[in-house]
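Asker: Need the 3D shape of this:
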Amino acid sequence: MLTKLLHTQFCALRKFTLLLCLLSTGQILKAQLPAPPGKSSFTAKLINIEAASNEVFRFNTTLHNGEGQSKVIELKAGLPIGWMISYKVDGSQVTSVAMDAGKTQDISIEINASATADPGKYKIPVKAVSGSDTLTLNLEAVVKGSYGLTLTTPSGRLSEELTSGSHLDIQLVVKNSGTLPLNDIDLSSQLPSNWEASFEPAKIPRLEPGKSQELKARLKVPDKTIAGDYAATFTANNPNGNSPAVFRIVVKTSVLSGWVGIVVILLSIGLVYFLIRKYGRR
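Answerer: So this is what the prediction gives:
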């Protein structure tokens, strides 16, 4: 009786062990099977961006490989004539990306409009192509105009003359050469050591498209500046751009300084002559 009971328990234990083995094998086989194919996608945080024609349209996009296998995805775009596009992954420019199964990749897309692009909305289809599979992301670049800033003189002349230790007033013209208003235009200078410059007015609050405004730059050259040619740069600055004007400044020695130099030379010669006459015979 005891033998029969032990035999029955042994059979039950063997069946239970066999069942566990079968279940474990099934789980292993299931884990080794490739993941079922999902849905790939190509999306952007913003698909519509507005900017000036001379600014960069930057789109942050995300590409997802939902398939069960790795693949290389090529990036293409349909652009208006004269426009340019670049794709960047982690700061590096690319034209294609290699993606593992189930991987998601952030891609920065930068688009430069043509300099002659008219204001308006431009549709730019960007495609992620891999074999026969194509994902299309329809982006929109809204060109609102262009910024343009020019600094020059009324006559266009960029050279002046002055004497050492004096000052000079230079007439400048700031022009809005774009199609959008310019706000908060500042003036700055880059000068030789110890030179000084001030502007009147020092700031232009707003300048409409096609308009110009004259201003005055007062340039001061320190005493004892050596005669010669110097470069002085005046720059009109705005958050949307800047325009430098490089002047050739010719510094001359004053007439008084010249006469003082001649007198010093004559006195030196006279002193030498006196010393020779007085002590030369001894």
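Asker: Enumerate every residue touching the spatially most central residue of the chain.
Answerer: The centroid of the chain falls nearest to residue 56 when counting by CA atoms, centre = their mean (8.8 Å). By CB atoms under 8 Å, 6 or more residues apart in numbering, the contact list for residue 56 reads 110-112. For every residue, glycine as well, the C-beta is placed using N, CA and C.
Asker: One more: residue 110?
Answerer: Residue 110 touches 56-59, 85-86, 88, counting by CB under 8 Å, 6+ apart.
Asker: taking these one by one, which sit in helices?
Answerer: Secondary structure assignment (DSSP state H) places none of the contacts of residue 110 within helices.
Asker: Max pairwise distance over these: which two?
Answerer: 57 and 88 (13.4 Å; CB to CB).
Asker: which element is residue 192 on?
Answerer: Counting by DSSP states H and E, no helix or strand carries residue 192.
Asker: between the contacts of residue 110, which is nearest residue 243?
Answerer: Looking across the contacts of residue 110 and measuring by CB to CB, the closest to residue 243 is residue 56, at 19.7 Å.
Asker: what does the domain assignment say about the protein?
Answerer: 41-143, 149-253 (automatic domain parsing).
Asker: what ranges of the stretch 1-150 of the chain fall below the confidence cut-off?
Answerer: The stretch 1-150 of the chain contains residues with pLDDT under 70 at 1-38.
Asker: hmm, 80 instead?
Answerer: 1-38, 132 (pLDDT under 80).
Asker: That one: strands as residue ranges?
Answerer: 41-44, 48-51, 56-64, 71-77, 84-89, 92-94, 96-99, 104-112, 120-130, 133-143, 149-152 (DSSP state E, counting those that start in this stretch).
Asker: thinking again about what came up before, distance to residue 269 added to the domains of the chain, as JSON lines?
Answerer: JSON lines is the format used below for those (distance: least, CB to CB, whole Å):
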{"stretch": "domain 41-143", "distance to residue 269": "65"}
{"stretch": "domain 149-253", "distance to residue 269": "21"}
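Asker: quick one on the thing from earlier: could you flag which of the contacts of residue 110 are buried?
Answerer: 57, 59, 85 (16 or more other CB atoms under 10 Å).
Asker: For burial, what's the neighbour tally of residue 243?
Answerer: By the measure other CB atoms under 10 Å, the count of residues near residue 243 is 18.
Asker: show me the residues around it that make contact.
Answerer: 149-151, 174, 235-236 are the contacts of residue 243 under CB under 8 Å, 6+ apart.
Asker: go with 6 Å
Answerer: 149-151, 236 (CB atoms under 6 Å, 6 or more residues apart in numbering).
Asker: Give the bridge partners for residue 94, please.
Answerer: residue 87 (DSSP bridges).
Asker: thinking it is in contact with residue 87, fair?
Answerer: Yes. If you go by CB atoms under 6 Å, residue 94 and residue 87 touch, sitting 5.4 Å apart.
Asker: So between these two, which is more surrounded?
Answerer: residue 87 (21 against 15).
Asker: Give me the buried entries from the contacts of residue 243.
Answerer: For the contacts of residue 243, buried by 16+ other CB under 10 Å: 149, 151, 236.
Asker: Identify the bridge partners of the first one.
Answerer: Legend: beta-bridge partners of residue 149 under DSSP bridges are residue 176.
Asker: for the last one, same thing?
Answerer: Residues found in beta-bridge contact with residue 236 (criterion: DSSP bridges) are residue 187, residue 243.
Asker: And the pLDDT for it?
Answerer: Residue 236 is assigned a pLDDT of 97 by the prediction.
Asker: Let me see the contact set for it.
Answerer: Residue 236 touches 149, 151, 174, 185, 243, counting by CB under 6 Å, 6+ apart.
Asker: let's go with 7 Å and repeat that
Answerer: With contact taken as CB atoms under 7 Å, 6 or more residues apart in numbering, residue 236 is in contact with 149, 151, 174, 185, 187, 242-243.
Asker: ok, now residue 95?
Answerer: 74-75, 87.
Asker: now swap in residue 150 and tell me
Answerer: Neighbours of residue 150 in contact, by CB under 7 Å, 6+ apart: 175, 177, 243.
Asker: now, which of the contacts of residue 56 sits nearest residue 192?
Answerer: For those, the nearest to residue 192 is residue 112 (37.5 Å; CB to CB).
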